[in-house]
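S.K.: need a 3D model of the following:
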Amino acid sequence: MTRLLPLLLAVTALSAAAPALAADPAPARQCFRVSQMNGHTVGDPKTLYVGVARKDVYRIDMAGACLAGANFGDPLVIESRGNDFICQPIDLDLKVAGAIGLSPCIVNKITKLTPAQIAALPPKLKP
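M.R.: Numbers count the residues shown, from 1 in each chain. As a prediction, this is how the structure comes out:
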């Protein structure tokens, strides 16, 4: 019985912690509307910064270098899949209209920047 006591205590501790772990809320989805986009800047061939609703900035990371040669004046061709909300990479169909035509992009990751991250962006990268 004395050998089982530490095992029973460990199992009891784990089972008591399990509900607390399950009760942790999932992180909130960071969605934005395509219709609220109000500017963009190209950070590098794989990174786009998009201004949304006057104060938010989202970083959009591409799987490839589809933004190579693009500049701030090149229009983006954006189509959302299904509705106006962009919540995950699959929701965004992005192409850059440049001098040589449309350059399709595969969106890998979308991240909403914090106010501190926005403040840390160099002025030329702020949308």
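
S.K.: from the centroid of the chain, which residue is nearest?
M.R.: Closest to where the C-alpha atoms of the chain average out (Cα atoms, centre = their mean) is residue 110, at 1.8 Å.

S.K.: surely it meets residue 90?
M.R.: No: judged on Cβ atoms under 8 Å, residue 110 makes no contact with residue 90 at a distance of 10.1 Å. Where C-beta positions appear, they are placed from N, C-alpha and C, glycine not excepted.

S.K.: state the mean pLDDT of the host helix or strand of residue 42.
M.R.: For residue 42, the host element (DSSP states H and E) is strand 37-44. Over the span of strand 37-44, the pLDDT mean works out to 90.

S.K.: what's the answer for stretch 90-106, then?
M.R.: 86.

S.K.: all the strands of the protein, residue numbers only.
M.R.: For the chain, the strands defined by DSSP state E cover 32-33, 37-44, 47-52, 56-62, 76-80, 85-86, 92-98, 101-105, 107-112.
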